[in-house]
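Enquirer: All I have is the shape, not the residue letters:
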């Protein structure tokens with residue numbers, strides 16, 4: 001799959017295919033339905049299926065104070081879309097010039113001129129152009145005038161709740177990673193750099209990797225079962241998100257214990273998937289009580305992996 005960040009260097013093979021435009025944050029089941037229809041449209045044309053997304057999210061430039069925390073970084077988003085069968089992802093660098101384009105200008109300059117798209121696939125709540133002035137009905141009119149096909153795909157519901165990036169954010173913020181996972185195409189993942197901590201985990205027999213510089217939404221405080229990914233492989237993991245009240249620490253931290261793993265990884269990038277919530281953050285009577293609970297946490301994490 002191709003990840004393109006500059007339309008000036010757009011390969012000719014990405015023109016004249018089918019395109020879906022949107023943020024695709026988190027790549028959830030609603031996005032997967034759009035992608036499925038996108039691939040079908042591209043195959044009918046004999047072209048490629050391309051997702052056009054934005055980096056960063058336009059809201060981060062327009063209303064930075066109210067911008068939601070992202071669920072995926074660009075490379076991860078591309079990885080998830082590739083797993084669904086997308087041929088190419090264009091991560092367009094969002095800037096003031098882009099945000100000032102009217103709906104007509106965006107359609108003419110990006111969709112017709114740069115991409116030469118023959119088909120588009122979108123969800124029912126698609127907006128485009130300055131101040132979101134272009135609606136799905138606007139797009140219907142523009143595509144019809146251009147002789148393009150447009151398919152509007154209905155959303156997806158899970159247990160009566162419509163799947164959306166905002167819904168996934170709410171579930172994650174509440175620590176409900178199990179429910180969020182059912183709305184996503186793959187388990188929720190964060191990334192960061194391993195830094196030095198207080199070393200208490202090692203003294204208790206459960207060394208942890210402290211993660212810093214996390215650039216996506218952090219699940220709510222709790223202890224989770226998951227999987228940790230390093231450059232040379234992946235391991236089951238028990239993850240703590242929150243403070244360590246047993247030792248009087250109240251700062252929020254992310255600590256990851258990799259099961260069956262024993263080597264220093266300070267300064268290395270680490271990705272962590274959240275598979276299940278095990279329990280709340282608790283205060284224990286002392287080190288022995290905490291150690292006993294950590295043994296139970298690790299056993300539970302192993303069962304989930």
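Expert: Okay, I see it. What you see is a predicted model, and the numbers here were worked out from it, not measured in a lab.

Enquirer: my guess is residue 57 contacts residue 26, does it?
Expert: No. Contact criterion CB atoms under 8 Å: residue 57 and residue 26 do not qualify, at 11.6 Å. Where you see a C-beta, it was placed from the backbone N, CA and C, and this is true even at glycine.

Enquirer: who's more crowded, those two?
Expert: residue 26 (30 against 17; other CB atoms under 10 Å).

Enquirer: can you pull the contacts of the closest residue to residue 66 other than its chain neighbours?
Expert: Leaving aside its chain neighbours, residue 66 sits nearest to residue 59 (7.0 Å; criterion: CB to CB, 6 or more residues apart in numbering). With contacts defined as CB atoms under 8 Å, 6 or more residues apart in numbering, residue 59 is in contact with 66-68.

Enquirer: State the distance from residue 59 to residue 284.
Expert: For residue 59, the distance to residue 284 equals 41 Å [CB to CB, to the nearest Å].

Enquirer: Can you name the residues that contact the closest residue to residue 130 other than its chain neighbours?
Expert: In space, not counting the residues next to it along the chain, residue 130 is nearest to residue 102; the distance is 5.3 Å by CB to CB, 6+ apart. By CB under 8 Å, 6+ apart, the contact list for residue 102 reads 129-130, 133-134.

Enquirer: Which of these ranks first by neighbour count?
Expert: Neighbours here mean other CB under 10 Å. Within the contacts of residue 102, the largest count is held by residue 134, at 22 neighbours.

Enquirer: centroid residue for the chain?
Expert: Residue closest to the average C-alpha location in the chain (CA atoms, centre = their mean): residue 72, at 2.6 Å.

Enquirer: I figured that one hits residue 27, correct?
Expert: Yes. With contact defined as CB under 8 Å, residue 72 counts as touching residue 27 (6.5 Å).

Enquirer: list the residues that contact both of these two?
Expert: With CB under 8 Å, 6+ apart, residue 72 and residue 27 have common neighbours residue 80.

Enquirer: What are the boundaries of the helices in the stretch 151-300 of the chain?
Expert: For the stretch 151-300 of the chain, the helices defined by DSSP state H, counting those that start in this stretch occupy 165-173, 177-183, 200-203, 287-304.

Enquirer: list the contacts for residue 80?
Expert: For residue 80, the contacting residues are 27, 72, 185-186, by CB under 8 Å, 6+ apart.

Enquirer: Can you list phi and psi of it for me?
Expert: Dihedral pair for residue 80: phi -70, psi -40, per degrees, to the nearest 10.

Enquirer: now do the one 5 residues further on
Expert: The phi and psi values for residue 85, taken as degrees, to the nearest 10, are phi 110, psi 10.

Enquirer: is it true that it touches residue 39?
Expert: Yes. Residue 85 lies in contact with residue 39 (CB under 8 Å); the separation is 5.2 Å.

Enquirer: Show me which of these two is the more surrounded one.
Expert: Set residue 85 next to residue 39 and count neighbours by other CB under 10 Å: residue 39 wins out with 19 against 14.

Enquirer: Spatially nearest residue to the more buried one (excluding sequence neighbours)?
Expert: Nearest residue to residue 39, sequence neighbours excluded (CB to CB, 6+ apart): residue 49, at 4.6 Å.

Enquirer: how deep is the one you found tucked in, by neighbour count?
Expert: The number of residues near residue 49, taken as other CB under 10 Å, comes to 28.

Enquirer: which residues does it form a beta bridge with?
Expert: Taking DSSP bridges as the rule, residue 49 bridges to residue 18.

Enquirer: could you show me where the strands are in the stretch 1-150 of the chain, in order?
Expert: Ranges of strands in the stretch 1-150 of the chain, per DSSP state E, counting those that start in this stretch, are 2-4, 18-21, 49-55, 88-93, 119-122, 149-152.
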